[in-house]
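Trainee: Prediction below, plus the sequence it came from.
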Amino acid sequence: MSVLVCQRWILARLRNRQLFSLTEINIAIAELLVNLNQRPFKKLPGSRASVFEVIDRPAMKALPPTRYEYAEWVKAKPGVDYHVEVERHYYSVPHALVGQKILVRVTATAIECLFKGRRVAAHVRSYLPQTHHASGAHA
């Protein structure tokens, strides 16, 4: 549904109403959204709701079992002490990877080290400055 349609059919109808809470605003928008979705098309048969039920709903897939987790990817090269530095923290990798280029996946809770697409080490992320972590799982 286009932004313009929503502006014309929902926001324009609310512009002169006084709403005093987010809940009240959401209820008002939900009522108008139902009306908008049930309105028949002018040049096509059906409505937005009927097209959704026939075309979109059958094509929908279930949500993934786990929530999306934001991650940053960092390129690193393990030093002679077989640790990679991520934000002034040092995480160990297998000693055979010293000097190799690896990818490090950094999330709020974990550090994963990958070499040629395969995970070679995983650590719980630390927020203690300048500490070494060698207790993670290595492949």
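Mentor: Right, received. Where do you want to start? Numbers count the residues shown, from 1 in each chain.
Trainee: who does the biggest helix by length in the chain touch, helix- and strand-wise?
Mentor: If you go by DSSP state H, the chain has its longest helix at helix 22-38. Packing contacts for helix 22-38, counted by 3 or more C-beta pairs under 8 Å, 6 or more residues apart in numbering; DSSP states H and E, involve helix 12-14, helix 48-51. All C-beta spots, glycine's among them, are computed from the backbone N, C-alpha and C.
Trainee: Mean pLDDT lowest where, among these?
Mentor: Of all those, helix 12-14 carries the lowest average pLDDT, namely a mean of 89.
Trainee: what's next to that helix, contact-wise?
Mentor: Helix 12-14 is contacted from outside by Ile25, Ala28, Ile29, Leu32, using C-beta atoms under 8 Å, 6 or more residues apart in numbering.
Trainee: can you do 7 Å?
Mentor: Contacts of helix 12-14 with the rest of the structure, by C-beta atoms under 7 Å, 6 or more residues apart in numbering, involve Ala28, Leu32.
Trainee: could the helices and strands packed on helix 22-38 be laid out in CSV, adding distance to Ala108?
Mentor: Below are the helices and strands packed on helix 22-38 laid out as CSV (distance: least, C-beta to C-beta, whole Å):
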stretch, distance to Ala108
helix 12-14, 37
helix 48-51, 38
